[in-house]
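[1] Task: produce atomic coordinates for the following.
(chains A and B)
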Amino acid sequence: MKAPFSPYLTGVAGPLRGLIARLGERYDSVSVLATDSVGFALRISQRAKSVGSDTMMTERGVVVRVRKDGQYAEAAFNDFDPAEMDRVLADITAQLDRQTAVLAAAGVRAYETAPLPDEPLTLLAEMETGRLPEREDIPALIERLSALSDAGMTRREGLLDCMVTAQSTHVSKLFLTANRDLRQSYVYSEGGVAMLAAQDGRTEYAHESVADRAGPEIFDDLDGKLDATAKILADKLGAERVVPGEYDVITSPEVSGLIAHEAFGHGVEMDMFVKGRALGAAYIGKRVGSDLVTMHEGAACAVDVSSYAFDDEGTLAGDVTEIEHGILRTGICDALSALRLGTAPTGNGKRQNFEHKVYTRMTNTVFDSGTDSLEDMIASVAHGYLLEGFSSGMEDPKHWGIQCIVERGYEIRDGQFTGKVVSPVVMTGYVPDLLGSVSMVSPHRETFGSGGCGKGHKEWVKVSDGGPYLKAKARLG
Amino acid sequence: MLNTILDLLRASTADAWEVTDTQETGWEFYLIRHRLDQHRVKLTRHTHVKVYRRFGEGQFLGSASAEIPPTANAEEAKAAIDALCQRAEYVKNPAYTLVAPDGEAQAQAGSVDVAAIARDFLEALQAVPETQTEDLNSYEIFVSEKKRRFLNSEGVDVTSVYPSSMAEVVVNARRDGHEIELYRLYHSGACDRDGLIQALTETLRYSRDKLIAQPTPALGRATVLFSTDAACEIYNYFISRMSAAMLVRRISDWKIGEPVVRDAAGDKVTVRALVTLPNSSDNAAYDPEGARRWDFDIIRDGIARQAYGSRQFSQYLGLERSCVPGNYAVSGGSATAAELRTGPYLEVVEFSDFQVDAMSGDIAGEIRLAYWHDGEKTVPVSGGSVTGSMLTLARTLRMSREQRQYDHLLIPAVTALDGVTIAGVE
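    Model prediction:
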């Protein structure tokens, strides 16, 4: 079925056009993004259950972007009442004028930015989904997830808890200018199984997840995650610490995705180029990885939780080849940064929600596949680790440092697993060294869309990332 | 709309309910090299409703929550509340009670001058003493007035009005054609002009030293000193493990009246919950469930004293009185900062993302800048990582008597852990 576009947004589209016209009398250009995204979030454990309506992307609100004398400003609000158009206008203009006065009093000068192009464009994208979150039988789902939590408790003796989560969001967004009317509607869902156990005073946690641009039907796959989660927990409880040093590593698709995200995801967000914060700007056309490394980024390059039809500035979804056979080709860019840099936007202008500013953000960031089998990769390792699962990553676009906290390393000696597990593993290094050391790439490729991505330490958005198994050299600690 | 929602709740099948109504006026400024890139204003209102149903002769309590947008009409609001009442029947949790009025004055009146605070930030950031080689690349300023009203079916109706600010600052330093950056994110109530300038002056010094940093030596195990905001992670480990939710879920095995660290050879930590700290961004008199906050010891001299947390988990734990604190103060140091800085130690002042896992106790972080003091000379170093486990490292914890505030946390200015694993790059 198609995810239907929000009736609320359909209803306010006309009045918002009126608002654009009225604001157009005062400002050089005006655009509006209006959102109406609904969903549910269930959290079931042996200790407590909760059901709510808030997910990372549920929201209803309006953000107006205006330009005057080369200066862009925005007003975000969520009480738009077409019957009170004069009050809405007065609120927006009075607040922005007060800000301008404070800026002047503080002696702040401003950049001038060109007007955004506004060629006529109309789009209605209602994407496929199996089911809709707003029509889901929540009581039945609570019962099913409760049974799953109970079943999880039988997978291992002495488990402290088995948590099961499920959240689904029906996203609707409307982008309007004087000449544009873009509407999109899609559903994404994510769920997970987590198990907790304590051993020798240490509490450990294992987690497996499902996520996709799909409806609540994906929660049917959670049943198959119980055994895998229990195995991960056993591995972590029996893990040792890695001896710090440089090793041959094979990264699972999930860890490969983390590297893609942290290495040349953040590193080529071009709003960082505008600020002179990214080393990548000086490396376009230069080698940053081995010949086996090709990487794509874009809402249109995969189908996962961040695969939309247009971004939060009304730019259509793209598919950018960031790295081609080890050569850095280009970055990703939001619309205002593109104006500053004299380039084209790539459909990567995203907001945490209507209340937040647009930044250049990732969507799906994925390494291309290769031809080496996983078996051959393992057989080629003299001493190293197969790295699986992760808890976090952090980049340094200015210095190309990378930190990946990987959950588990499975030791390989002379091409064989030894049975030894290390956890957690801090993988650090210099990005071109890490990507330059990629020597084997598997045909298998996956994307993962659970969790979120911040910019610095804020601005959380949904992204997916992934790739195949990669063999490389990395420093582990 | 709020009155409509309250009327609908009173007429619904809900056995109890809570409403949190938050209004925010927010101003934002985005500057690059001290020049304005964009400015934004935010005028929002969020009304969250939680309904409760009792069943099983009062043994169980079900709940369900949702936000009802201010643009919803009465029909939509009623449909949302009806759906919550139905869903709550299937969320079977052991019963607990909601916060009741405590008979004291329940209004925290006041207003926030968002424009004045915003101007303070703009002027303070322009006053940071930059040089030809160390300066501010860019910064983002967020200033809000938050007005949070909480009501429940027991008769609680409390309002908190408070400022909440955030400044994200990126610092650059350059030398011989090479440039580096350091990142800072400051949270506060209003603008602490002097504190902000002082903190950024320190960051400019770090940025200069990062340029001349040598590769971190492979130290094996070493004493590590934490003297920047990364230390908050260490104390959040102690705070988190005393939360009722972690105790009920048995993620934390700490027990009231017992030491939180077995065989501690170092300082014994004291953690105190505080209603207010100067210029904290969470100086609200009431917690998110309407419970009045008060000052109390969570851990005193290394002994677990009082858990804290939400109504639900606090009652599961058997606490008669509880709240979710807004601020914390950590003390217990026996030495001065200067005394801690003796002998060989690695003082890490910049991590990529230092983390302490409150569940497992694992600590990990990539070193972006540290000072290796071999007992005689001090060398700035970079690269590699620190790892270890608080299960053993906490036994060696030493804290300075001097304290330093990071928003809602007042912690020792210098914290030392012995025997931390250092993966060097030398």
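[2] So what pairs up with the residue in the stretch 301-426 of chain B positioned nearest to chain A in the strands?
    Closest contact between the stretch 301-426 of chain B and chain A, by C-beta to the nearest C-beta, is at B:A423 (2.8 Å). To be clear about C-beta, it is placed using only N, CA and C from the backbone, and glycine gets the same treatment. Counting by DSSP bridges, B:A423 is bridged to B:S385.
[3] Does it touch B:G220 like I think?
    No: if you go by C-beta atoms under 8 Å, B:A423 and B:G220 don't touch, sitting 9.5 Å apart.
[4] Enumerate the residues of the stretch 51-200 of chain B near chain A.
    Remark: the part of the stretch 51-200 of chain B in contact with chain A comprises B:63-67, B:69-71, B:86-93, B:115, B:118-119, B:122-123, B:126, B:137-138, B:166, B:168, B:170, B:172, B:179-181, B:183, B:185, using C-beta under 8 Å from any C-beta of the partner chain.
[5] let's see it at 7 Å
    B:64-67, B:69-71, B:87, B:90-93, B:115, B:118-119, B:122-123, B:137-138, B:168, B:170, B:179-181, B:183, B:185 (C-beta under 7 Å from any C-beta of the partner chain).
[6] Going by neighbour count, which of these are buried?
    B:64-67, B:69-71, B:87, B:90-93, B:115, B:118-119, B:122, B:137-138, B:168, B:170, B:179-181, B:183 (16 or more other C-beta atoms under 10 Å in any protein chain shown).
[7] and residue 207, what is it in contact with?
    No chain in the question, so chain A it is. A:192, A:194, A:229 (C-beta atoms under 7 Å, 6 or more residues apart in numbering or on different chains).
[8] Switch to chain B, please.
    B:S207 neighbours (C-beta under 7 Å, 6+ apart): B:134, B:171-173, B:180, B:182.
[9] Lowest-confidence one in those?
    Lowest pLDDT within these is found at B:I180 (90).
[10] Can you tell me the SS state at that residue?
    Following DSSP: H, G, I helix; E, B strand; the rest coil, the label given to B:I180 is strand.
[11] Which residue, other than its chain neighbours, is closest to it?
    In space, and not counting its chain neighbours, B:I180 is closest to B:K210: 5.0 Å by C-beta to C-beta, 6 or more residues apart in numbering or on different chains.
[12] Tell me how many other residues surround that neighbour.
    Using other C-beta atoms under 10 Å in any protein chain shown, the number of residues around B:K210 comes to 22.
[13] Between B:A423 and B:G220, which has more neighbouring residues?
    A direct count of neighbours by other C-beta under 10 Å for B:A423 and B:G220 places B:A423 higher, at 25 against 11.
[14] Hmm, the more buried one is touching B:S385, no?
    Yes: between B:A423 and B:S385 a contact is recorded at 4.8 Å, counting by C-beta atoms under 7 Å.
[15] what sits in contact with each of these two?
    A:G477.
[16] so where is chain B shaky, pLDDT-wise?
    For chain B, the stretches flagged by pLDDT under 70 are B:104-109, B:426.
[17] Walk me through the domains of it.
    Domains of chain B are assigned by automatic domain parsing as B:2-210, B:213-423.
[18] How about chain A: which residue is closest to chain B?
    Closest residue of chain A to chain B, C-beta to the nearest C-beta: A:G477 (2.8 Å).
[19] Can you show me the helices along the stretch 201-350 of chain A?
    A:226-237, A:253-264, A:271-274, A:335-341 (DSSP state H, counting those that start in this stretch).
[20] nope, chain B is what I meant
    B:2-11, B:74-88, B:114-126, B:193-211, B:231-240, B:244-248, B:311-316, B:337-340, B:390-393 (DSSP state H).
[21] didn't B:I239 look like it was pressed against B:V330?
    No: the criterion here is C-beta under 7 Å, and B:I239 misses it with B:V330 at 8.4 Å.
[22] what residues are shared contacts of these two?
    In contact with both B:I239 and B:V330: B:V271, using C-beta under 7 Å, 6+ apart.
[23] Compare these two (neighbour count), which wins?
    B:V330 (25 against 19).
[24] Could you pull up the contacting residues of the more buried one?
    B:235, B:269-271, B:410-412.
[25] now do B:Y183
    A:456, B:170.
[26] Okay, and the beta partners of it?
    Bridge pairing for B:Y183 - DSSP bridges - gives B:V170.
[27] starting at the chain centroid, how far to stretch A:279-286?
    24 Å (C-alpha atoms, centre = their mean, to the nearest Å).
[28] Buried ones in stretch A:16-34, by neighbour count?
    A:16, A:19-20, A:22-23, A:27, A:29-34.
[29] Export those as JSON lines, with columns for secondary structure.
    Converted to JSON lines, the buried residues of stretch A:16-34 look like this (three-state DSSP):
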{"residue": "A:L16", "secondary structure": "helix"}
{"residue": "A:L19", "secondary structure": "helix"}
{"residue": "A:I20", "secondary structure": "helix"}
{"residue": "A:R22", "secondary structure": "helix"}
{"residue": "A:L23", "secondary structure": "helix"}
{"residue": "A:Y27", "secondary structure": "coil"}
{"residue": "A:S29", "secondary structure": "strand"}
{"residue": "A:V30", "secondary structure": "strand"}
{"residue": "A:S31", "secondary structure": "strand"}
{"residue": "A:V32", "secondary structure": "strand"}
{"residue": "A:L33", "secondary structure": "strand"}
{"residue": "A:A34", "secondary structure": "strand"}
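[30] And these, which is closest to A:R109?
    Closest approach between the buried residues of stretch A:16-34 and A:R109, by C-beta to C-beta: A:Y27, at 20.1 Å.
[31] All set, thanks.
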